[in-house]
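# just coords:
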């Protein structure tokens with residue numbers, strides 16, 4: 001029998017492991033659960049439209065048909081109850097699409113008018129959520145004025161995520177207006193006509209902590225850089241995370257606007273025209289994490305306190321602004337810790353074409369590394385992996401290791417081989433290792449005070465199935481077919 005007399009903080013701890021469906025089931029149980037779990041039920045809401053279906057059917061003439069039934073009921077509930085509005089922290093609005101282009105500020109098509117009125121009611125309601133922290137807009141066709149509206153609400157510090165949206169009808173922002181944006185992320189959206197207004201909004205948001213712009217349009221990026229370079233004072237004093245496509249030598253002064261930036265990410269595979277000299281150290285003095293290709297290491301890592309690096313090798317031929325195999329920097333050209341002024345603690349290297357050379361460099365020049373994630377260009381055999389693990393054993397501070405290089409079937413024999421490698425790495429290498437992966441199918445974990453390595457991951461059901469049926473021989477090749485039911489269950493994994 002469930003005891004409802006447990007302290008509320010224990011029930012709230014339980015809530016961390018529950019889903020939205022669980023909350024819907026628990027709230028009606030009794031008054032205690034209603035009071036405890038109602039805030040969790042409404043903390044994350046989704047307002048889901050019917051997509052193009054509304055505009056493609058002439059018989060759709062009701063506002064209710066623009067939204068899915070659950071979304072309609074949710075809006076009605078929030079409109080009636082101010083207490084519930086106060087619980088909402090994160091809101092996603094999605095699938096409000098129209099297949100008719102608005103060419104006039106006052107469209108006369110009844111369906112377009114109905115759609116516009118519904119969008120207006122949704123955004124006005126969202127603007128009345130007093131505790132709102134994040135708004136995600138996905139697959140919407142909306143005028144820019146509604147983004148401006150929710151960002152203009154007083155006493156709300158808000159993050160905005162815009163993905164797969166079409167935003168039209170830009171508005172001119174008043175120069176004396178300030179915004180409390182905490183984060184802005186724009187990806188795969190048709191927003192070019194409104195991008196200047198979005199960029200202007202970032203210059204008026206001194207509280208912005210995270211900015212992600214997934215655009216390769218040169219004029220958009222130059223507009224961003226120039227507006228902040230021309231802005232009086234420091235325009236992005238709190239910015240900590242910046243993800244952009246690229247930057248060039250002429251706009252490096254942009255970083256004077258970001259004195260507290262700690263995480264800088266560039267689009268992988270893109271050539272950065274930065275010259276041959278490092279960027280002055282007084283720019284980006286607090287940089288801790290960097291994502292970009294090796295040709296940009298000298299510019300952004302040298303002399304800075306970078307501890308985390310994410311990079312990748314490039315293959316093929318160079319083409320215009322795209323890097324090629326010839327652009328990969330040789331490891332002998334790097335100083336210790338890739339030029340960082342502190343020890344490298346985490347390194348992620350995708351599509352690595354020089355994995356043995358990389359491991360040797362890391363072992364000799366980054367001895368205090370704690371997290372290593374290496375994905376080679378081609379898979380290894382067991383023998384090749386064992387050879388490389390001998391080098392890894394020299395990293396005595398390592399806590400997690402991912403070398404996703406094996407493609408063998410996770411049979412019992414292969415899992416035993418992996419377990420032995422894990423045990424050897426901790427006994428002969430780093431005693432701090434608690435997480436190891438040799439493939440994308442199996443992860444190995446242990447508690448720091450235990451010597452027992454336990455497998456987990458998507459490959460375990462496959463291993464258990466073939467262990468029961470005895471279908472794999474010593475080398476992992478199929479010797480007997482499992483029964484049809486097991487084959488069907490395998491397809492569902």
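Thanks, I have it. Since we're looking at a predicted model, the values are computed, not measured.
# assumed residue 120 was part of a helix.
Yes: secondary structure of residue 120 (DSSP: H, G, I helix; E, B strand; the rest coil): part of a helix.
# contacting residues around it?
With contact set as CB atoms under 8 Å, 6 or more residues apart in numbering, residue 120 has these partners: residue 146. All C-beta spots, glycine's among them, are computed from the backbone N, C-alpha and C.
# which stretches of this structure have low pLDDT?
For the chain, the stretches with pLDDT under 70 are 1-4, 52-63, 99-108, 276, 317-320, 461-493.
# can we see that at 50?
1, 102-105, 469-493 (pLDDT under 50).
# please go through it and pick out the longest strand.
strand 134-143 (DSSP state E).
# just want the angle from the next helix or strand after that one to strand 134-143.
Once the chain leaves strand 134-143, the next helix or strand it forms, by DSSP states H and E, is helix 144-151. Taking axes from the mean of the first three to the mean of the last three CA atoms, to 10 degrees, one finds helix 144-151 and strand 134-143 inclined to each other by 160 degrees.
# which residues in the stretch 1-150 of the chain form strands?
44-48, 90-96, 134-143 (DSSP state E, counting those that start in this stretch).
# hang on, the earlier thing: residues making contact with the longest strand of the chain?
With contact meaning CB under 8 Å, 6+ apart, strand 134-143 is reached by 51, 89-98, 102, 119, 123, 126, 147, 150, 158-169, 183.
# among those, which ones are buried?
With burial judged by 16 or more other CB atoms under 10 Å, the buried subset of the contacts of strand 134-143 is 51, 90-91, 93-98, 102, 119, 123, 126, 147, 150, 158-163, 165-168, 183.
# hmm, back to that, what lines up beside the longest strand of the chain in the sheet?
strand 90-96 (parallel), strand 158-163 (parallel), strand 166-168 (parallel) (DSSP bridges).
# adding distance to residue 357 as columns, could you present these in JSON lines?
Formatted as JSON lines, the strands paired with strand 134-143 follow (distance: least, CB to CB, whole Å):
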{"stretch": "strand 90-96", "distance to residue 357": "45"}
{"stretch": "strand 158-163", "distance to residue 357": "38"}
{"stretch": "strand 166-168", "distance to residue 357": "47"}
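# need the strands of the stretch 1-150 of the chain in a markdown table with distance to residue 179, can you?
Shown next, in a markdown table, are these (distance: least, CB to CB, whole Å):
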| stretch | distance to residue 179 |
| --- | --- |
| strand 44-48 | 22 |
| strand 90-96 | 18 |
| strand 134-143 | 13 |
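# out of the ones you listed, which comes closest to residue 310?
Ranking the strands of the stretch 1-150 of the chain by their distance to residue 310 (criterion: CB to CB) puts strand 134-143 first, at 24.2 Å.
# run the chain-centre distance for that closest one.
How far strand 134-143 lies from its chain's middle: 18 Å, per CA atoms, centre = their mean, to the nearest Å.
# which residue ranges of the stretch 51-200 of the chain form helices?
For the stretch 51-200 of the chain, applying DSSP state H, counting those that start in this stretch gives helices covering 53-56, 69-80, 82-85, 110-126, 144-151, 195-203.
# now distance to residue 374 too, for those, in TSV please.
Converted to TSV, the helices of the stretch 51-200 of the chain look like this (distance: least, CB to CB, whole Å):
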stretch	distance to residue 374
helix 53-56	46
helix 69-80	44
helix 82-85	48
helix 110-126	44
helix 144-151	41
helix 195-203	36
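# still on that earlier bit, which of the strands paired with strand 134-143 sits closest to residue 6?
Nearest to residue 6, of all these, is strand 90-96, at 27.3 Å by CB to CB.
# tilt between that closest one and helix 69-80?
130 degrees.
# specify the angle between strand 90-96 and strand 44-48 in degrees.
10 degrees.
# residue 379 contacts residue 438, correct?
No: in this structure residue 379 lies outside contact range of residue 438 using CB atoms under 8 Å: 10.4 Å.
# common neighbours of these two, please.
Joint contacts of residue 379 and residue 438 (CB under 8 Å, 6+ apart) are 405, 406.
# between those two, point out the one with more neighbours.
Using other CB atoms under 10 Å, the more surrounded residue of residue 379 and residue 438 is residue 438, with 24 against 14.
# surely the more buried one and residue 410 touch.
No: the criterion here is CB under 8 Å, and residue 438 misses it with residue 410 at 10.1 Å.
# nearest to residue 66 among the strands of the stretch 1-150 of the chain would be which one?
When those are compared by CB to CB, strand 90-96 sits nearest residue 66, at 7.0 Å.
# contacting residues around the closest one?
Taking CB under 8 Å, 6+ apart as the rule, strand 90-96 contacts 43-51, 66, 115, 118-119, 122, 126, 129, 132-142.
# off-centre distance for it?
Counting by CA atoms, centre = their mean, strand 90-96 comes out at 18 Å from the chain centroid.
# now the angle between helix 110-126 and it, please.
Strand 90-96 and helix 110-126 are oriented at 180 degrees to each other (the same axes, to 10 degrees).
# buried residues, stretch 75-93. List them.
75, 78, 84, 85, 87, 88, 90, 91, 93.
# cool, stretch 398-410 as well?
Buried residues in stretch 398-410 (16+ other CB under 10 Å): 398, 399, 400, 401, 402, 403, 404, 405, 406, 408, 409, 410.
# widest-spaced pair of these?
Using CB to CB, the buried residues of stretch 398-410 reach their maximum pairwise distance at 399 and 409, which is 28.6 Å.
# how long is stretch 442-449 from one end to the other?
Across stretch 442-449, the terminal residues are separated by 22 Å (CA to CA, to the nearest Å).
# with stretch 240-255 instead?
Distance between the two ends of stretch 240-255: 12 Å, counting by CA to CA.
# do the same with stretch 331-349
Using CA to CA, the two ends of stretch 331-349 sit 13 Å apart.
# what does that stretch contact?
297-298, 301-313, 354, 357-358, 360-362, 365-375.
# run the chain-centre distance for that stretch.
24 Å.
# stretch 243-257 too?
That offset, for stretch 243-257, works out to 22 Å (CA atoms, centre = their mean).
# buried residues in that stretch, which are they?
If you call a residue buried by 16+ other CB under 10 Å, then stretch 243-257 has these buried ones: 243, 244, 245, 246, 247, 251, 252, 254, 255, 256, 257.
# between which two of those is the distance greatest?
245 and 256 (20.2 Å).
# wait, isn't residue 236 in contact with residue 202?
Yes: Residue 236 lies in contact with residue 202 (CB under 8 Å); the separation is 7.3 Å.
# between those two, who's got more neighbours?
For residue 236 versus residue 202, neighbours defined as other CB under 10 Å are more numerous around residue 236 (25 against 22).
# partner strands of the one helix or strand residue 349 maps to and their direction?
According to DSSP H and E, residue 349 maps onto strand 346-352. Strand 346-352 has its sheet partners listed here by DSSP bridges as strand 308-312 (parallel), strand 371-376 (parallel).
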